[in-house]
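In: Sequence and predicted structure, then a few things I'm wondering about:
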Amino acid sequence: MKKITIATRGSKLALWQAEHIRSRLLAHHGNDISVELLVIKTKGDIILDVPLAKVGGKGLFVKEIEEALLSNQADLAVHSMKDVPMELPPGLCLGAVPQRENPADLFLSSRFPSLADLPAGARVGTSSLRRQAQLFARRPDLSVISLRGNVDTRLRKLNEGEFDAIIMAAAGLVRLGLSAPYSEELSPPAFLPAAGQGAIGVEFREDRADLHSLCAFLEHEETRLRVTAERAFLLGLQGGCQVPIAGYATLSGNTLSLEGLVAAVSGSPVYRRTLTATMSGTCRHDVALAHALGLSLAENLKNDGAKAVLDELYKAIQ
């Protein structure tokens, strides 16, 4: 029997994702394998009293896990794709990208039915500058407050009245079966998600041919193409959690469409644009086309004026 170790963060959502992949592996391969979880604390899990944008650096939630893969402490890692830097350490690969959950954001409140119903000056919690910028673009009268912590912690702070509303990813709440008294989906095109939001990725060593074979059934080609385009857009802007960048791709027939957004933290100015590419039907070629689409959109937005916004933001956080 082959033994597989999955490295994961210890939050409820991370454990759900790792258990989900574990159960799928066991269901597919039956008694041929055993699968155990290895819980690892990352820098992003330890530093909870500082906004993400000020912690700095890429890979806040994955670096220690990737080190476990490279040192053979673990065979697989399961990540939220929006936490994974575009450039992986040498020797590692995203071996499988399963089908995506709802990528939208959710407005959650104990007292107010929707974003439009919030009174002026209402306290809205989020750890994301992307969400903050889009909130201010629609409601510049709100007070946006940094909110860190896992899903349970954020909901508890909302329920205790610390915030009038909070904004979170829909996927995490769906996976954990959680909600608030009032919720409103903030979905594209009005409100764009983070690149890769709602998707999970399975990472392992490139030289592990056995794992490529073991995990092949997990791959969802449409999700791979959409997430590749979004992440390439982020790469083209050298973006991370420190800047308000959003990217959202859709696939209709053989047309891949990517919408990107760059905004100042204040919500103005906002730069957004959409580009499309025609897929060929050949998986490896289409992944390359999706990557090129993301890079092209990034260049277009920089030429539109987004580069000045990004330069100012990067200068402020250095």
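Out: Received the coordinates, thanks. Residues are numbered from 1 along each chain as shown.
In: measure Trp16 to His29 for me?
Out: Using CB to CB, to the nearest Å, we find Trp16 at a distance of 21 Å from His29. C-betas here are computed from N, CA, C, even on glycine.
In: Show me what secondary structure element comes after the helix or strand Leu25 falls within.
Out: Per DSSP states H and E, Leu25 falls inside helix 12-29. The helix or strand immediately downstream of helix 12-29 is strand 33-39, counting by DSSP H and E.
In: and that following strand, which strands flank it?
Out: Note on strand 33-39: by DSSP bridges, its sheet partners are strand 2-8 (parallel).
In: which residues sit against the strand it pairs with?
Out: Strand 2-8 has contacts (CB atoms under 8 Å, 6 or more residues apart in numbering) with 14-15, 17-18, 21-22, 25, 32-40, 65, 68-69, 73-78, 210, 214.
In: List buried residues within the residues you listed.
Out: 14-15, 17-18, 21-22, 25, 35, 37-38, 40, 65, 68-69, 74-78, 214 (16 or more other CB atoms under 10 Å).
In: for this protein, where's the lowest mean pLDDT among helices and strands?
Out: Every helix and strand of the chain was ranked by mean pLDDT, DSSP states H and E. The lowest is helix 52-55, at a mean of 50.
In: since we're on Val84, how many residues are nearby?
Out: Applying other CB atoms under 10 Å, we find 24 residues neighbouring Val84.
In: same check, this time on Ser268
Out: Around Ser268 there are 11 other residues, counting by other CB under 10 Å.
In: Tyr248 too?
Out: Neighbour tally, Tyr248, other CB under 10 Å: 25.
In: Repeat that for Asp207.
Out: By the criterion of other CB under 10 Å, Asp207 has 11 neighbours.
In: ditto for Asn150
Out: 18.
In: which non-adjacent residue is nearest it?
Out: Leaving aside its sequence neighbours, Asn150 sits nearest to Ser11 (CB to CB, 6 or more residues apart in numbering; 4.4 Å).
In: before we move on, the earlier item: tell me the helices and strands packed up against the helix holding Leu25.
Out: In terms of contacts (3 or more CB pairs under 8 Å, 6 or more residues apart in numbering; DSSP states H and E), helix 12-29 is packed against strand 2-8, strand 33-39, strand 76-80, helix 151-159, helix 170-176, strand 200-205, helix 209-215.
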